[in-house]
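A.B. asks: Okay, sequence plus prediction incoming.
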Amino acid sequence: MKVICEICNKNFDKKKTEIERTKHNFCSLDCYHNSHYKRISSLKWAGKRRKANNPNWKGGEKIDNQGYIRVHKPEHPFCDTHGYIFKHRLVVEKKIDRYLELQEVVHHIDKNPLNNSIDNLELFKNNGEHIKYHREILKIN
């Protein structure tokens, strides 16, 4: 059956069962994606309630499941897929004036992940050194 693409107005063939099953007619994946983005951007709230304009915005900081503060820094080279990085790593980076290497570990001395003052943070060159530190503490106690 001949139908017309909703985006580019191109005539194309589509099975009757497909027409009955779907609400929209697109001749290609490109047209489907263009339609999807066009619908999203045409919504009244799109772009207006993001980040600081959203009433739920907390300054780009959130506490994860382990109790660590994560900061929204999508421009950071080592941020996660959602653009967040641990605040304790940012504090140490600011102090030493460079990005931390991926293998470097920042330790909270008082074991409180919410206390990110520079006096409470200790930098280890890798996780092996961090584990050694914890073993030494256990020997002392």
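C.D. replies: On my side now, so go ahead.
A.B. asks: Please make it C-alpha for all contacts and neighbour counts, starting now.
C.D. replies: Fine.
A.B. asks: Which parts of the protein are strands?
C.D. replies: For the chain, strands defined by DSSP state E occupy the ranges 2-4, 11-13, 61-63, 69-72, 84-86, 105-108, 121-124.
A.B. asks: what's the average pLDDT for the third one?
C.D. replies: The average pLDDT for strand 61-63 rounds to 92.
A.B. asks: Could you tell me which residues make contact with residue 63?
C.D. replies: For residue 63, the contacting residues are 69, 70, by CA atoms under 8 Å, 6 or more residues apart in numbering.
A.B. asks: measure residue 129 to residue 8 for me?
C.D. replies: For residue 129, the distance to residue 8 equals 60 Å [CA to CA, to the nearest Å].
A.B. asks: Could you do residue 120 as well?
C.D. replies: 60 Å.
A.B. asks: can you check residue 14 too?
C.D. replies: 16 Å.
A.B. asks: okay, these two: which has more neighbours?
C.D. replies: residue 14 (15 against 12; other CA atoms under 10 Å).
A.B. asks: For that one, report the pLDDT, please.
C.D. replies: 87.
A.B. asks: Over to residue 29?
C.D. replies: Residue 29 is given a pLDDT of 80.
A.B. asks: again, but for residue 58
C.D. replies: Reported pLDDT for residue 58: 77.
A.B. asks: give me the number of residues near it?
C.D. replies: Neighbourhood size, residue 58 [other CA under 10 Å]: 10.
A.B. asks: Let me see the contact set for it.
C.D. replies: Applying CA under 8 Å, 6+ apart, we find residue 58 in contact with residue 52.
A.B. asks: Residue nearest the middle of the protein, spatially speaking?
C.D. replies: residue 82 (0.8 Å; CA atoms, centre = their mean).
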